[in-house]
Structures are given as C-alpha cells and as structure tokens.
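[1] sequence and predicted model, in that order:
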Amino acid sequence: MSITVGELLGMPHLRLRLHSGTGALDRPITWTHTTDLPEPWRWVAGGELLMTNGMPVPRSASGQEELVRQLAEHGAAALAVAEQMYAPPLTKRLTRTSEELGFPVLWIAHPMPFVAISRAVAEATLLEQSQRLIRTERIYQALQQISSHGSGLTMLTSALSRELGCDVRVCDRATGYDWYPSSAPLPEDIRVAVTERRGKLRAGVIAVPLRQDRRALLVDVPTHPDAVLVALSEPTGQPDALLLQHAATVCALALSQARLTIEHDRRTGAELLLQILDAQLAPAAARRQLAELGLPVEEAVCVAARNDDPDLLKGVHLSLWRSAVRHATAHRGGTSLTVLPDAAVPALVQALGPGGQAGVSDLIVRADRVVDAVREATWALDTARDQGTPLLRYADADPLLGPRNPTEAQALVDRVLGPVLQLPSAQSGELLATLRAFLENGRSWQRTAETLHIHRQTVLYRVRRIEQLTGRQVADTGDLAALWLALKAV
C-alpha cells in the first residue's frame with residue numbers, strides 16, 4: 001500500500017515540516033520525483049511527492065498560486081521545498097491556494113538529502129511497486145500470447161483492456177478509426193479526440209475530456225507515427241500512466257509484426273496478379289491461387305486507380321486490410337491494379353481519398369478474363385479522368401473521342417462488339433460487314449442491301465441481330481456512336 005503525506009510527516013528522522021494544506025494529509029504518495037525545471041507539473045504522472053531545491057518556485061504571488069494549482073490538477077501528491085537553498089519566500093496566496101485545493105506544501109530541513117526521503121517512500125510502497133511490476137509483466141506476456149496464437153491486435157487490446165481496467169484501442173492518428181480491422185467503430189467524439197488531441201499533457205499522456213466525465217487518454221505508439229494508443233477512462237479512476245507507456249510499447253511491437261504480415265500478403269498478391277497479367281499462369285492455377293487469397297473470380301472485379309499523391313496510392317493495401325477486404329494489388333506506371341470483391345469497391349474508393357479516381361471492370365467470372373478485366377478497368381479509369389468523375393464502371397464508360405491507343409481500342413471492341421465476335425468467324429464477319437455498310441450508307445436499308453447485293457429484309461434481320469447481341473440500338477445516338485467507334489477500332 002502507498003504511504004500518505006501525514007504518515008511521511010510522522011517519520012521523525014526525515015525532519016519534514018508542513019507549511020500548508022493541513023486538511024489534505026491523507027493524500028497517498030506513490031513515488032518521489034526531483035526536478036529543478038520550470039513548470040514541473042509537466043513531468044509528473046500522478047501521486048508523486050515533488051521535491052525541489054526551490055528553483056522552479058516563482059517569485060511572484062500569482063506564479064506561486066499557478067504552481068500549486070497546476071501540481072494539484074496534474075495529480076501530484078504534494079510539493080516539498082528544500083530550506084536554505086534557492087526558494088523565494090512563500091507567499092500568502094500560495095498558502096491560501098494550498099489550503100483551498102487541499103494540496104500539501106512541505107519543508108525539507110537542510111541538509112536532509114532527498115534520497116533519504118525517496119528511500120522511505122520506496123520502502124513504504126514496496127508492495128504497490130511489486131504489484132505494478134507484476135502488472136507490467138502481464139502486459140508484456142499478452143504480446144507473447146498473441147504471437148503464439150496469431151490472434152492479432154484485437155486480442156492484444158482486449159488483454160490490455162482487462163489489465164488496465166478500461167477500454168483500450170489502437171487508432172490511426174489521421175482518421176481516429178481503429179488501426180486494425182474492427183466490427184465496433186469508435187464514437188465520433190472519441191475520433192475527434194484522437195485527431196485533434198486537444199487535452200492536457202501529463203507524463204507523456206494527453207488527457208482529452210469526453211462526455212459524462214470520461215476521458216480519452218492518448219499515448220503515442222513508439223516507432224509508429226501513424227498510430228496512437230487510446231485508453232477510455234471511467235469517472236471513478238484512470239489507469240496508471242506508467243503502465244500506459246508500457247502498453248504503448250507492447251502495441252508498437254505488435255504493430256511491427258502486423259506490418260510484416262500485411263507486407264508479405266501484399267507482395268504475395270502482387271506477384272500473383274503480375275504473373276497472371278504476364279501469362280505465366282494457366283487459368284486453372286490462377287483461379288485456384290486467387291481462391292486461396294479469398295478472391296473467387298465469380299464475385300471479383302478489377303479496379304484501376306490513380307491519385308496525385310503516390311504515397312497515398314501505395315498505402316491502399318493497408319487501408320483495405322483495415323477494412324478486412326481480401327485483395328491482390330499491383331502497381332504499374334503510376335496506376336494501382338486491384339482485384340477484389342465487387343462489394344468492396346466502396347472501401348477502396350474511400351481509401352483513395354478525395355484526390356483519387358478509379359475505374360471498375362465488369363465481373364471477372366473466369367480466370368482467363370483477368371487480363372480483359374484489367375483492360376476494362378484501365379479504359380474506365382481513363383474515361384473517368386476525361387469526364388472528371390471519381391469513379392466509373394466499365395459498363396458506363398462510353399468513350400468521348402474514341403480510343404487513343406491499341407489497348408483502349410481492344411477494350412472498346414470487347415465491350416461493345418464482344419458478343420458478336422464470340423460467334424463463329426463466318427457469322428461475326430457477316431454481321432460486322434452488314435453493320436459497317438449500314439452505317440456508311442447513312443442507315444439506309446435499301447442502299448445497304450444494294451451495296452451488299454442482298455435482300456432488304458436480310459439487312460434488317462442482321463442489324464436487329466446485332467442490336468440483340470450488343471444491347472445497343474442504332475436509333476439511339478449514344479449507342480450509334482459507340483457502335484461506329486467500335487467498328488473503327490476493329
């Protein structure tokens with residue numbers, strides 16, 4: 001158990017005397033701290049007896065009042081000032097504030113060494129320090145347990161929550177959302193507390209007030225500037241600041257392990273996708289390996305994406321991991337190519353941020369269609385950039401001025417005339433020749449029939465057959481333009 005200020009004053013060999021704060025002698029002392037720095041309240045964690053040679057004590061009455069108020073607010077147990085050293089005379093305002101706030105101010109007799117007082121407190125709080133050491137050990141054991149079981153950061157924060165007696169999360173500093181996949185998002189006020197960090201710093205912990213007398217305690221996670229440990233304290237108490245620092249260290253180690261796993265998965269997915277695009281895998285093998293990544297081709301699409309911020313584009317895979325989205329992502333020429341479930345497209349768009357643009361292919365359906373899907377997605381992305389829209393699906397990506405390169409031409413042909421080209425070559429050739437003649441003759445049935453030396457009804461039948469296969473009508477201006485551009489692209 002800790003020792004109180006009154007009990008410490010009762011030890012005659014320490015020769016301590018009370019200056020003010022008579023009604024607060026029951027305040028517990030958990031540790032001692034010595035400082036000669038200005039604003040000494042910035043260096044306490046709570047419960048310390050702050051010992052000083054007097055240099056941090058201001059000479060003005062208002063400064064001394066502020067010193068007592070800040071130490072009391074930051075949770076120090078008491079202030080002990082050495083006599084016959086550097087302290088200016090203590091003012092009546094300091095005394096009055098000490099009594100009003102219930103904050104003891106003590107005198108240390110000259111030449112009593114500070115270490116003697118520290119030893120007395122350490123011996124009196126030996127049991128409490130042992131308990132803290134045990135809890136610290138359990139915090140580090142939590143990391144070993146998740147490493148052996150592979151349960152991830154959620155299991156770690158659950159263990160830390162039990163040990164610290166409050167809800168513990170690891171959040172992304174920029175957004176306030178959980179750094180790791182979670183089914184229970186944080187409330188808005190907590191996300192704001194994380195992103196704005198408007199609170200008081202104490203022993204490396206920023207305390208941000210929340211509703212209902214709760215506080216969000218924020219601790220930076222070492223070596224991970226994008227992450228912050230968040231402990232949600234209850235009105236009845238808050239976790240030990242030193243234990244929070246240990247918890248942040250453990251989370252840093254866990255995040256390093258998670259990043260290694262995420263990067264390994266990213267490389268695996270990228271290598272698989274590039275092998276498929278370079279025709280190094282048979283369709284059956286590609287289908288099997290995509291399924292092993294949780295990407296059945298029947299439900300997957302390809303998304304081509306760009307962003308003016310290359311770092312943000314390269315971090316898309318991390319955002320998708322946080323959203324628990326299975327994917328395979330590769331980068332080519334400033335464009336990210338991602339295969340993922342069609343239902344997860346909104347998560348990718350959100351990860352791209354406001355400056356991102358994306359094009360989405362049709363459903364892949366078959367493993368031998370991955371290359372076509374990449375072409376479709378790239379076509380849709382280029383059209384999205386032309387139209388100034390953040391997201392465009394291939395099915396909606398009508399070209400404005402026609403294809404600009406062979407890749408875009410092939411994508412246009414596949415999209416508009418693909419069903420016709422899938423017919424036997426004799427039939428498809430006959431239909432395309434009829435369509436070309438029909439359009440070149442100003443959509444005149446009779447002139448087309450005369451040009452091809454066939455009956456007018458045959459022309460009508462063939463054009464209607466093309467409309468049925470492609471889903472486009474020659475009477476519609478937009479469909480007509482697409483058919484004409486696709487014929488030119490052939």
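    In hand now; what should we look at? Numbering: from 1, shown residues only.
[2] helix/strand/coil for His246?
    Per DSSP: H, G, I helix; E, B strand; the rest coil, the secondary structure class of His246 is helix.
[3] how near is it to Leu232?
    Distance of His246 to Leu232, given as Cβ to Cβ, to the nearest Å: 18 Å. Bear in mind the C-beta positions are built from the backbone N, C-alpha and C, glycine included.
[4] cool, and Ser425?
    With distances defined as Cβ to Cβ, the gap from Ser425 to Leu232 amounts to 68 Å.
[5] look at these two and report which has more neighbours.
    A direct count of neighbours by other Cβ atoms under 10 Å for Ser425 and Leu232 places Leu232 higher, at 20 against 8.
[6] would you confirm that that one contacts Cys171?
    No: contact criterion Cβ atoms under 8 Å: Leu232 and Cys171 do not qualify, at 11.1 Å.
[7] just say helix, strand or coil for Gln357.
    Judged by three-state DSSP, the three-state class of Gln357 is strand.
[8] now for it, how many residues are close by?
    Counted with other Cβ under 10 Å, residues neighbouring Gln357 total 22.
[9] got the contact list for it?
    Under the criterion of Cβ atoms under 8 Å, 6 or more residues apart in numbering, the contact partners of Gln357 comprise 305-307, 381, 384-385, 389-391.
[10] Pro341 now?
    Applying Cβ under 8 Å, 6+ apart to Pro341 gives the contacts 295, 299-301, 325-326.
[11] if I look at it, how far off is Gly294?
    According to Cβ to Cβ, Pro341 stands 8 Å off from Gly294.
[12] quick check: neighbours shared by those two?
    Common neighbours of Pro341 and Gly294 (Cβ under 8 Å, 6+ apart) are Arg326.
[13] neighbours of Arg456, how many?
    Around Arg456 there are 14 other residues, counting by other Cβ under 10 Å.
[14] now it: phi and psi?
    phi -60, psi -40 (degrees, to the nearest 10).
[15] so Gly75 belongs to a strand, correct?
    No: Gly75 sits outside any strand when classified using three-state DSSP, being coil.
[16] per-residue pLDDT of the closest residue to it other than its chain neighbours, please?
    The spatial neighbour of Gly75 that comes closest, neighbours along the chain excluded (Cβ to Cβ, 6 or more residues apart in numbering), is Gly46 at 3.4 Å. pLDDT, Gly46: 83.
[17] kindly report the same for Ser2.
    Looking at Ser2, its pLDDT stands at 73.
[18] I figured it hits Leu126, correct?
    No: Ser2 lies out of contact with Leu126 (Cβ under 8 Å); the separation is 10.4 Å.
[19] residues contacting whatever helix or strand Glu450 lives in, please?
    Secondary-structure assignment from DSSP states H and E places Glu450 in helix 445-452. Outside helix 445-452, the residues that touch it by Cβ under 8 Å, 6+ apart are 433-434, 437-438, 441, 455-456, 458-460.
[20] ok, stretch 72-80 next?
    Outside stretch 72-80, the residues within contact range by Cβ under 8 Å, 6+ apart are 5, 16, 21, 24, 27-30, 41-42, 44-52, 67-68, 71, 101-108, 117, 200, 202.
[21] again, but for stretch 360-374
    The list of residues contacting stretch 360-374 from outside it, by Cβ under 8 Å, 6+ apart, reads 273, 276-277, 279, 283-284, 286-287, 290, 297-304, 337, 339, 342, 345, 376-377, 380, 391-395, 414.
[22] do stretch 249-259 as well
    Defining contact as Cβ under 8 Å, 6+ apart, one finds that stretch 249-259 is touched by 139-140, 142-143, 146-147, 152-153, 156-157, 160, 170, 179-180, 221-224, 227, 229.
[23] helices of the stretch 1-150 of the chain, start to end?
    Along the stretch 1-150 of the chain, the stretches classed as helices by DSSP state H, counting those that start in this stretch are 5-9, 61-73, 92-101, 114-124, 126-149.
[24] then the stretch 351-490 of the chain?
    Read by DSSP H, counting those that start in this stretch, the stretch 351-490 of the chain holds these helices, from start to end of the chain: 370-387, 406-421, 425-440, 445-452, 456-470, 477-489.
[25] Ser2 and Leu126: which is more packed in?
    When Ser2 is set against Leu126 and neighbours are counted by other Cβ under 10 Å, the residue ahead is Ser2, at 17 against 11.
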